[in-house]
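Visitor: need the 3D shape of this:
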Amino acid sequence: MKKAEKIVAKMIDGDAFSQWLGIEVVEVSKGFCKLKMIVRDEMTNGFNIAHGGISYSLADSALAFAANSDGIKSLSVETTIVHTKKVMSGDTLIAETQEITKNDASAVYKINIKNQENIEIAHFNGKVHRTNREWFPNK
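Guide: Numbering: from 1, shown residues only. Next up is the predicted model:
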């Protein structure tokens with residue numbers, strides 16, 4: 001198992017919310033993460049569409065996994081999302097990250113979220129603080 005996969009496996013193992021969402025890790029590598037999930041009825045709001053927090057949470061998990069995948073513990077400090085299309089129960093959402101910039105102190109990522117028809121339903125931007133702590137020190 002590659003370092004990035006090992007880190008994300010450890011993170012998701014302790015992440016009850018990502019587990020509740022039903023997030024599946026499709027691909028992970030240094031600075032990159034692709035996640036997938038299916039929207040369920042209990043994730044919808046009073047308009048019978050997915051609550052905006054569902055796509056936000058998927059993107060937030062993708063951000064966390066991508067930002068930590070190089071072995072340095074990183075925490076989000078600023079995030080924004082733009083919803084571009086409604087999401088219904090039964091839709092499959094796929095979030096894919098793109099690392100924009102990274103230095104010793106911070107990193108910026110863009111996450112695109114598409115549905116099963118490859119139509120963008122949201123885009124998310126996130127900035128993380130990179131700590132000086134490693135996921136697996138002395139290994």
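Visitor: so what strands line up beside the top strand by length along the chain?
Guide: Longest strand in the chain by number of residues, with DSSP state E as the criterion: strand 120-134. For strand 120-134, the paired strands and their directions (DSSP bridges) are strand 72-83 (antiparallel), strand 106-114 (antiparallel).
Visitor: show the pLDDT at the most centrally placed residue in the chain.
Guide: For the chain, the residue sitting closest to the mean C-alpha position, by CA atoms, centre = their mean, is Ala62 at 1.4 Å. At Ala62, the model reports a pLDDT of 98.
Visitor: give me the nearest residue to it, chain neighbours excluded.
Guide: Nearest non-adjacent residue to Ala62, counting by CB to CB, 6 or more residues apart in numbering: Ala95, 4.2 Å away. The C-beta positions use only the backbone N, C-alpha and C, and glycine is treated the same way.
Visitor: on that earlier part again, so how far is the longest strand of the chain from its chain's centroid?
Guide: Between the centre of strand 120-134 and the centre of its chain there are 8 Å (CA atoms, centre = their mean, to the nearest Å).
Visitor: the strands paired with strand 120-134: which one's closest to Ser29?
Guide: For the strands paired with strand 120-134, distance to Ser29 was read as CB to CB. The smallest value, 13.7 Å, belongs to strand 106-114.
Visitor: now that closest one: average pLDDT?
Guide: Strand 106-114 shows a mean pLDDT of 98.
Visitor: can you list the weak-confidence ranges in the protein?
Guide: Applying pLDDT under 70 to the chain flags the ranges 139.
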